[in-house]
Each structure stands twice: as structure tokens, then as C-alpha cells.
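Q: The following comprises the amino acid sequence and a computationally predicted model.
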Amino acid sequence: MSKDLLAHRGGCHCGAIQFEVEAPADVPALYCNCSICRMSGYLHLHVPRSRFRLLQGQEALSVYTFNTGVAEHMFCKTCGIKSFYIPRSFPEGYSINVNCLDKTNISNVKVETFDGQNWEVAYAESSHMPAD
């Protein structure tokens, strides 16, 4: 783990799903106004797969896809919370819901916006997509 990264724990509301993600104490987050993010209150933290570990709950996950079918939105079968998913913009990593992280190691959350209602144009022009 890089010296700038900390282990953050997170999970769903009922506790069936637990994970750990490596991220800085000053968490960079992205607010997206697309239909699913807006309706669910999702706040994105993009990380490469190497910085994410599912600790428990694989069997409690249900997958939902829509539109292009590329993004794998994973929800807890019990409480319905989407703690993380595989986004179409970053299939080699995960988007973590910052709202599902334990706040213990978080110093600050810096939120930037992404125009998900106009996804294709916004993605092509975005500087927000993750780098390893």
C-alpha cells in the first residue's frame, strides 16, 4: 500500500457485505446526475481492482444491468444498498459508494460533479476518470 493510501472499511446497511478499499484520507468523490446515481444518492470513488477487497458477502450480492449492459451494479439482496459496482467507464476497477465507507479514516471528501445525464459527451471530455 502506498504511504498516501489508507485502508477504509465499508459495507451495506445490514452488514452482510463488507469490504476494504485503499484510498487517501482526503477522498476524491464524484457526484453524477445520471438517473441511477441521482435516485440512489451514490457518491463515486474510483479505484483499480488491486485496491479493493471484498471481505464478506459475495453470496449476498445481486447484479443489475441496464442500458448498455456493461456496468455491473451490485446490490445487497437483503437491504438493497449498492456499496460498490463495476462501472462501464472503468471496467478494470470499481466505483465505491463513499456514503458506505466508515468515516474513521476520512479527513475530507472533495466532491466534483459529472454530467451523467449526458454520459457519452461528459465521459469524452472528462478529466475525472481514474488512473492507477
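A: Sure, I can see it. Numbering: from 1, shown residues only.
Q: Please count neighbours and contacts with C-alpha atoms only from this point.
A: OK.
Q: Name whatever forms a beta bridge with the residue most central in space within the chain.
A: Nearest residue to the geometric centre of the chain (Cα atoms, centre = their mean): residue 96, 1.9 Å. According to DSSP bridges, the partner residues bridging residue 96 are residue 45, residue 84.
Q: For it, give me its contacts.
A: With contacts taken as Cα atoms under 8 Å, 6 or more residues apart in numbering, residue 96 has the following neighbours: 43, 44, 45, 46, 47, 83, 84, 85.
Q: Excluding covalently adjacent residues, which one is nearest to the fourth one?
A: The one in question is residue 46. residue 95 (4.5 Å; Cα to Cα, 6 or more residues apart in numbering).
Q: hang on, the earlier thing: got the contacts of residue 96 as TSV, with neighbour count and pLDDT columns?
A: Output for the contacts of residue 96, formatted as TSV (neighbours: other Cα atoms under 10 Å; pLDDT from 0 to 100):
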residue	neighbour count	pLDDT
43	24	95
44	24	93
45	22	96
46	28	94
47	21	96
83	26	96
84	27	96
85	21	94
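Q: so which of those would you say is closest to residue 102?
A: residue 83 (11.6 Å; Cα to Cα).
Q: Would you mind measuring from the closest residue to that closest one other than its chain neighbours to residue 3?
A: If you skip the residues right next to it in sequence, residue 83 has residue 97 as its closest partner in space, 5.1 Å away by Cα to Cα, 6+ apart. When Cα to Cα, to the nearest Å is the yardstick, residue 97 and residue 3 sit 23 Å from each other.
Q: now swap in residue 109 and tell me
A: 19 Å.
Q: pLDDT at residue 131, what is it?
A: With respect to pLDDT, residue 131 scores 42.
Q: one step back: surely the residue nearest to residue 83 and residue 86 touch.
A: No. When contacts are counted by Cα atoms under 8 Å, residue 97 is not listed as touching residue 86 (11.4 Å).
Q: who's more crowded, these two?
A: Each of residue 97 and residue 86 had its neighbours counted (other Cα atoms under 10 Å), and the higher figure belongs to residue 97 (24 against 19).
Q: rewinding a little: can I get the contacts of residue 96 in CSV with distance to residue 102?
A: What follows is the contacts of residue 96, written out as CSV (distance: Cα to Cα, whole Å):
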residue, distance to residue 102
43, 14
44, 15
45, 14
46, 17
47, 17
83, 12
84, 14
85, 18
